[in-house]
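Student: task: produce atomic coordinates for the following.
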Amino acid sequence: MPQENIETARRIKHFIVENVRTARRFLKAADPAIDIDSITFTELSEHTPESEVPAMLSPIEAGEAVGVMSEAGCPAVADPGALAVAEAQRRGMRVVPLVGPSSLLLALMGSGFNGQSFAFLGYLPFEASKRARAFSDMQRDIMHRRQTQIFIETPYRNNKLIAELCRRMPAEMLLCVASDLTGPDEKITTMPLRRWATARYDYDRRPTVFLLFS
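Tutor: Model (predicted):
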């Protein structure tokens, strides 16, 4: 993490986070000198009612900074922290995104796919008919628009997603699996789906970004 971010974290006494326990551990690891007990943590997850978000920004009205911390990934990108940012923008508050790695761009950089035109789809729909439509739309945009398709999955379903892609999409279509980016077990692999269909792999429970192209 950039040193400037650590210095910013030292000054912030109010954080909006997905998980209080891991947020506390992360800050302590970033700088052991940070007084964790002096910091107020407010939880904002996918289960938090939107009506609770405005109150989370009340310290800003008193002239204090509020930080938004993602559990895994880039804050406010496919992340509930976007609700806090949207509320801040509606109220004319200053929003300052901090420099840091984005797994989506790192995956695109390492895939070998088209970086001129790409789309991030977030999590694919779970309901069967909507999911089928999503696969059809991806294939269309790849073939006709030459657009890289980027998406993510709940980590414990990563292996199932790869198998599903092998069944649903053309065998010669390219799949890049970018896992544990910036972590000790980082691995970025691009192969045709016909090779993924017979490959041995285990990406379950590992943060992973998927990219399709042809």
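Student: tell me which residue of this protein is furthest from the middle?
Tutor: Within the chain, the residue lying farthest from the chain centre (C-alpha atoms, centre = their mean) is A62, at 30.9 Å.
Student: for that residue, give me its contacts.
Tutor: For A62, no contacting residues are found, by C-beta atoms under 8 Å, 6 or more residues apart in numbering. C-beta: built from backbone N, CA, C; applies to glycine.
Student: could you do P101 as well?
Tutor: If a contact means C-beta under 8 Å, 6+ apart, then P101 has 74, 181-182 as its contacts.
Student: T42 too?
Tutor: Counting by C-beta under 8 Å, 6+ apart, T42 makes contact with 14-17, 56.
Student: which element is it on?
Tutor: strand 40-43 (DSSP states H and E).
Student: can you list contacts of stretch 6-14?
Tutor: 27, 30-31, 33-34, 38-40, 42, 59, 64-67, 98.
Student: quick check: buried residues in that stretch?
Tutor: Using 16 or more other C-beta atoms under 10 Å as the test for burial, stretch 6-14 gives 9, 12, 14.
Student: show me the strands in this protein, by range?
Tutor: With DSSP state E applied, the chain shows strands at 14-17, 40-43, 67-69, 118-123, 148-152, 174-179, 187-192, 208-213, listed in chain order.
Student: mind listing residues that contact the shortest one?
Tutor: Contact partners of strand 67-69, identified using C-beta under 8 Å, 6+ apart, comprise 8-9, 12, 14-18, 23, 26, 44, 75-76, 81, 84-85.
Student: for L108, the count of nearby residues, please.
Tutor: 22 (other C-beta atoms under 10 Å).
Student: span of stretch 68-77 from start to end?
Tutor: Chord length of stretch 68-77, first to last residue, is 12 Å (C-alpha to C-alpha, to the nearest Å).
Student: for the record, mean pLDDT for that stretch?
Tutor: When pLDDT is averaged along stretch 68-77, the result is 88.
Student: the spatially most central residue of the chain: what's it in contact with?
Tutor: The residue lying closest to the centre of the chain (C-alpha atoms, centre = their mean) is G73, at 3.8 Å. By C-beta under 8 Å, 6+ apart, G73 lies in contact with 79, 103, 207.
Student: surely the first one touches E46?
Tutor: No: counting by C-beta atoms under 8 Å, D79 sits too far from E46 to count as a contact (9.3 Å).
Student: list the contacts for A33?
Tutor: Counting by C-beta under 8 Å, 6+ apart, A33 has contacts R10.
Student: and it, what's its pLDDT?
Tutor: A33 is assigned 92 on the pLDDT scale.
Student: redo the contacts of T42 as a markdown table? Include distance to R146 and pLDDT.
Tutor: Listed next are the contacts of T42 as a markdown table, based on distance: C-beta to C-beta, whole Å; pLDDT from 0 to 100:
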| residue | distance to R146 | pLDDT |
| --- | --- | --- |
| H14 | 45 | 98 |
| F15 | 41 | 98 |
| I16 | 39 | 98 |
| V17 | 39 | 97 |
| M56 | 42 | 97 |
